[in-house]
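Student: This is a predicted model, with the sequence first.
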Amino acid sequence: MAGYMVCWPQDRWKQVKKAGDTGPIKVIYGSIHARMPTIASIKVGDVVFVVTYMQKHLYAVARLPVTHREAAFDYTMRELGTYHSALPPKGVVMELRYAQGGTFFSSWDCKSYNCREAVPEGLTVIPLSEQIEKPHLEHQNPFNCCSQWAVWGEDGSSIEPRQLPDEVLPDLRFGYPKSKEKPLKFTPNGSVLSSSLTATRRMSEETFAIFEGLFS
């Protein structure tokens, strides 16, 4: 079992808070973009901590023990009813609606077709009739396009800010194995550099214990 840290940008945290979403946290996504970085290294049995950084303080907002790992597309289609810009698997074509009305068909490889008849044979078409939004919590919406993986579980914590003591931040270490562990990076004025947070980071055992203490 390993501990991982992923970061919600401030605007994402504000969206979740505005929606009144206090959890429990159900899912964490990873995309192919830096704003919502890949979570490909996270496995079933690991524990993921979601953090956010506000006013020079680091907060752990949720803890999720991972019991399942799957393609984000499969999770969103099953749990949310629509794909929410997750990456469709190879061979899948989605029927989508233009903002001004009318529909088109978009394939997994970013090809577009104006009508159903134009879609090549052998591809699986998911029509709009099979894309019906289901009730879900705000944090279940991927906050960035091109979600690739989803890790989820049934025993997530509530979603609320839990501040890490400022004095422990320089002692936090991330990386694997131990010989490659590194601390967070700070600006001259003491703020945590964004580059230290815009990646999925595996925690050292000592750092894992510090985060676990916030949820005990």
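Tutor: Looks like it came in fine. Residues are numbered from 1 along each chain as shown.

Student: dump the residue contacts of the residue positioned nearest the centre of the chain.
Tutor: Taking C-alpha atoms, centre = their mean, the centroid of the chain lies closest to Y29, which sits 2.5 Å from it. Residues in contact with Y29 (C-beta atoms under 8 Å, 6 or more residues apart in numbering) are M36, I39, A72, A86, P142, F143, N144, S147, W149, A150. Placement of C-beta: from N, CA and C, glycine included.

Student: Confirm it sits in a helix?
Tutor: No. Under DSSP: H, G, I helix; E, B strand; the rest coil, Y29 sits outside any helix and is assigned strand.

Student: pLDDT wise, what is it at?
Tutor: If you check Y29, the pLDDT there is 98.

Student: Over to A34?
Tutor: 88.

Student: Next: S106.
Tutor: 96.

Student: Check the one 10 residues further on too.
Tutor: Note for R116: predicted pLDDT of 95.

Student: give me the number of residues near it?
Tutor: By the criterion of other C-beta atoms under 10 Å, R116 has 13 neighbours.

Student: can I assume it is in contact with I126?
Tutor: No. Here R116 does not reach I126: they are 11.6 Å apart, not a contact under C-beta atoms under 8 Å.

Student: Give me the common contacts of these two.
Tutor: Residues touching both R116 and I126 (C-beta under 8 Å, 6+ apart): E95.

Student: Return the distance of stretch 97-109 from the chain's centre.
Tutor: What separates the centre of stretch 97-109 from the centre of its chain is 25 Å, taken as C-alpha atoms, centre = their mean, to the nearest Å.

Student: Around the residue nearest to A2 when sequence neighbours are not counted, how many other residues sit close by?
Tutor: Nearest in space to A2, with sequence neighbours left out and distances taken as C-beta to C-beta, 6 or more residues apart in numbering, is D46 at 4.9 Å. Counted with other C-beta under 10 Å, residues neighbouring D46 total 20.

Student: which stretches of this protein form helices?
Tutor: Assignment of helices within the chain using DSSP state H yields the ranges 10-18, 72-79, 205-214.

Student: could those helices go into a markdown table alongside mean neighbour count and mean pLDDT?
Tutor: What follows is the helices of the chain, written out as a markdown table (neighbours: other C-beta atoms under 10 Å; pLDDT from 0 to 100):
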| stretch | mean neighbour count | mean pLDDT |
| --- | --- | --- |
| helix 10-18 | 16 | 97 |
| helix 72-79 | 19 | 98 |
| helix 205-214 | 16 | 98 |
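
Student: Export the ones you listed as JSON lines, with columns for distance to K56.
Tutor: Output for these, formatted as JSON lines (distance: least, C-beta to C-beta, whole Å):
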{"stretch": "helix 10-18", "distance to K56": "12"}
{"stretch": "helix 72-79", "distance to K56": "32"}
{"stretch": "helix 205-214", "distance to K56": "18"}
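
Student: Those helices: which one's closest to V66?
Tutor: Judged by C-beta to C-beta, the one of the helices of the chain that comes nearest to V66 is helix 72-79, at 12.5 Å.

Student: Pull the distance from the closest one to the chain's centre.
Tutor: With C-alpha atoms, centre = their mean as the basis, helix 72-79 stands 13 Å off its chain's centre.
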